[in-house]
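A.B. asks: Predicted structure and sequence below. I'll ask about it afterward.
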Amino acid sequence: MNLSARWAALWHKLNLPAPAPQVFLGLCDRYSEPQRAYHTLQHLSECLDWCDRAGDLVEIPAVVELALWFHDVIYDTRRADNEEQSADFAVQVINGAGGEYWLKQSIQDMILATKHNAKPSTMDMCLVVDIDLAILGAGIDRFEQYDAQIRQEYAWVPEDVFRQKRAEILQSFLDRPSIYTSDFFRERLELQAQRNLHRSLIVLMKGFG
C-alpha cells in the first residue's frame, strides 16, 4: 500500500489542500515509534484495507478514512488519554488545512469511539470501531502475532498484572451481545474473533493455575 499517495488522494477527496509534507512524515514517524509493536503502520494499513472492503456501507468514506489515519497517532501504554490526544492532534491538522467544524467534530467523535467504552451512535462510527477491532477476527497466525505485539508494548507491566488486566479486557468483548456492531463485520469476523479470544483467555489464565 502506497501510504503517501493515499494520503494525498484523501485530502483531494475532502476538497482540502494537503497539509505540508512534514505532517505526513511526522504521522509516519509517530506510527514507527520504538515503543510500538502493534499500533504501527502495519495496523494502519490493515485498517485502511478494511475501510476499502467496507466501502459500500460507509456514509462519508473520506471522513472515515481520515479518522483511521489519526486514531492511534498518539500511543503511550502508560497513559489513559491516547484517544483524546489523538483526536486533538487530528483537529489541529484539519484546522491547518481549513477544515470546517463538522469535519473536526466528526473526526473527534470517531477517534474517541475507539476507546470502546460506549456504543457508537452512527454507522460510520460503528465501522471505525469495528475496523479497529478487526484484528480480533484475524486468522490464527496473525492473531497470535498481534497477541505477542500487545505484550511487547506492555513489556513494562509485570507478567501476573498483565495477564489479569488483559484477560479482563478480552472477557469484556466476549460479554457483549456481539463483538462487532455492524452486520458486515459480524458476518465476516465474529465467530473467528470469539474463537481467538477464548483461546487467548485460556493461555492467559494458565498463569493463575
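C.D. replies: Alright, I've got the coordinates.

A.B. asks: When you work out contacts or count neighbours from here on, use the C-alpha atoms and nothing else.
C.D. replies: Noted.

A.B. asks: what does stretch 142-162 contact?
C.D. replies: Contact with stretch 142-162 is made by 35-38, 77, 135-137, 196, 207-208, as judged by Cα atoms under 8 Å, 6 or more residues apart in numbering.

A.B. asks: From those residues, keep the buried residues only.
C.D. replies: With burial judged by 16 or more other Cα atoms under 10 Å, the buried subset of the contacts of stretch 142-162 is 35-38, 135-137, 196.

A.B. asks: Tell me where the longest helix sits in the protein.
C.D. replies: Across the chain, the longest stretch assigned as helix under DSSP state H is helix 183-205.

A.B. asks: now for that helix, which elements pack on it?
C.D. replies: Packed against helix 183-205 by the contact rule (3 or more Cα pairs under 8 Å, 6 or more residues apart in numbering; DSSP states H and E) you find helix 159-174.

A.B. asks: Find the nearest non-adjacent residue to Phe173, please.
C.D. replies: With sequence-adjacent residues excluded and distances taken as Cα to Cα, 6 or more residues apart in numbering, Phe173 is closest to Ile179, at 5.6 Å.

A.B. asks: how about that neighbour, what does it touch?
C.D. replies: Taking Cα under 8 Å, 6+ apart, we find Ile179 in contact with 173, 186, 190, 193-194.

A.B. asks: Any chance of those in TSV with neighbour count as columns?
C.D. replies: Shown next, in TSV, are the contacts of Ile179 (neighbours: other Cα atoms under 10 Å):
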residue	neighbour count
Phe173	18
Arg186	18
Glu190	21
Ala193	26
Gln194	18
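
A.B. asks: pLDDT weak spots in this protein?
C.D. replies: For the chain, residues meeting the criterion pLDDT under 70 lie at 207-209.

A.B. asks: need the helices for it, in chain order.
C.D. replies: Assigned by DSSP H, the chain shows helices spanning 3-13, 21-31, 41-53, 61-70, 82-96, 101-113, 123-132, 140-153, 159-174, 183-205.
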